[in-house]
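Student: This is a predicted model, with the sequence first.
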Amino acid sequence: MGRIFRIVLKVALAILLLLLALIVLWRFIPPVSTPMLARWAVLKPVDRQWVPLSRISPNLRAAAIMGEDARFCSHRGVDWDALQAVMDDSEGPARGASTITMQTAKNLFLWNSRSYIRKGMEIPLALAIDFAWPKRRVLEVYLNIAEWGEGLYGAEAAARRYFGRSANDLTPRQVALLIAALPNPRARDARKPQRRHARLAAIVERRARGVSTWADCVK
C-alpha cells in the first residue's frame, strides 16, 4: 500500500510540475487548448488564427469583460463572492461563477462539464495563472482560445468567418453578437442571431459602452 501511495504521489507531483511549467511557458508563446488537442487527436480540423491583444478591437475587450467577468480587473483569478453564491445554489456549479481566468484555465487544461471536481481543479489553476500572467495576457489568451463554433477558436478566426473582417475592425454590434454567443457557441450563429441571442447581444453592447475604468487593466 505504501508503495502504491508513493507512486501516486510521484505521478501527482509530476503532473503538477508539468502544469506549472506550461503556465510559465504559455506566458510567452501561443498556447493550445484541450478542445483543440481533442479535435487534432481524432483528425478533425481546427480554425484558430492567433493575434496579439493589440490587434483585437478595444470594443471586443470591453464586451468580453462586461459580458463574461465584470470584476476581471479587480479579482485575483477567482471571484469568490460569485462562486459562493453559485455553490450555494442547489443546482450546483454553473458557468456564471467562472471568471475569464477560470475559463482560460478550464480551456487550457481541463474539460467541459458542470461538476465540483472540475471546479475544484479549475480554481487553483486560475490562481496560478493570475499570479504568473498580467491581466492583458490572460485576456489575450482567453480571446484566442475561446470556442465560437464547431472547430472554430479565437476572436480572429470567428470575426473572419462570421463577418469577413479582422477582430480589430469589428463594429460594437458585431462584437456584442460574438460575446453573446459564447455560452452556447455551437448553437448560436453570430451572423443569424435568434431572438434570445440578439437580446443578450443588446445587453452586452449597452454594458460595454459604459465600461469606463472596469477595463483599465487591459488598455
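Tutor: Thanks, I have the structure now.

Student: C-alpha only now, for contacts and for neighbours.
Tutor: Will do.

Student: OK, contacts around Arg186?
Tutor: Taking C-alpha atoms under 8 Å, 6 or more residues apart in numbering as the contact definition, Arg186 lies against Trp148, Gly149, Glu150.

Student: again, only this time at 6 Å
Tutor: Arg186 sits next to Gly149, Glu150 when contact means C-alpha atoms under 6 Å, 6 or more residues apart in numbering.

Student: Which of the three states applies to it?
Tutor: Assigned by DSSP: H, G, I helix; E, B strand; the rest coil, the conformation of Arg186 is coil.

Student: Output stretch 17-27 as CSV - backbone C-alpha positions only.
Tutor: Below are the C-alpha coordinates for stretch 17-27, written out as CSV (Å, rounded to 0.1, in the frame of the first residue of the first chain):
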residue,chain,number,x,y,z
LEU,A,17,5.2,20.4,-12.2
LEU,A,18,4.1,19.9,-15.8
LEU,A,19,1.1,22.2,-15.4
LEU,A,20,3.2,24.9,-13.7
ALA,A,21,5.8,24.6,-16.5
LEU,A,22,3.1,25.1,-19.1
ILE,A,23,1.7,28.1,-17.3
VAL,A,24,5.1,29.7,-17.3
LEU,A,25,5.8,28.7,-21.0
TRP,A,26,2.4,29.9,-22.2
ARG,A,27,3.0,33.3,-20.6
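
Student: List the buried residues for it?
Tutor: Within stretch 17-27, the residues that count as buried by 16 or more other C-alpha atoms under 10 Å are Leu19, Leu20, Ile23, Trp26, Arg27.

Student: got it, and stretch 122-134?
Tutor: Glu122, Ile123, Leu125, Ala126, Leu127, Ala128, Ile129, Asp130, Ala132, Trp133.

Student: Please pull up the helix or strand immediately following the helix or strand of the chain with the lowest mean pLDDT.
Tutor: Ranked by mean pLDDT, DSSP states H and E, the weakest helix or strand in the chain is helix 80-87, scoring a mean of 73. Using DSSP states H and E, the helix or strand that follows helix 80-87 in sequence is helix 100-109.

Student: which helices and strands sit right next to that next one?
Tutor: Counting contacts by 3 or more C-alpha pairs under 6 Å, 6 or more residues apart in numbering; DSSP states H and E, helix 100-109 packs against helix 34-41, helix 116-132.

Student: Quick check: next helix or strand after the last one?
Tutor: Of the helices and strands lying after helix 116-132 in sequence (DSSP H and E), the nearest is helix 135-145.

Student: Relative to the whole chain's centre, how far out is the helix or strand encompassing Leu22?
Tutor: Taking DSSP H and E as the definition, Leu22 sits inside helix 2-25. Distance of helix 2-25 from the chain centroid (C-alpha atoms, centre = their mean, to the nearest Å) equals 25 Å.

Student: Now that helix: average pLDDT?
Tutor: On average, the pLDDT along helix 2-25 is 82.

Student: next one: stretch 161-171
Tutor: Stretch 161-171 comes out at a mean pLDDT of 94.
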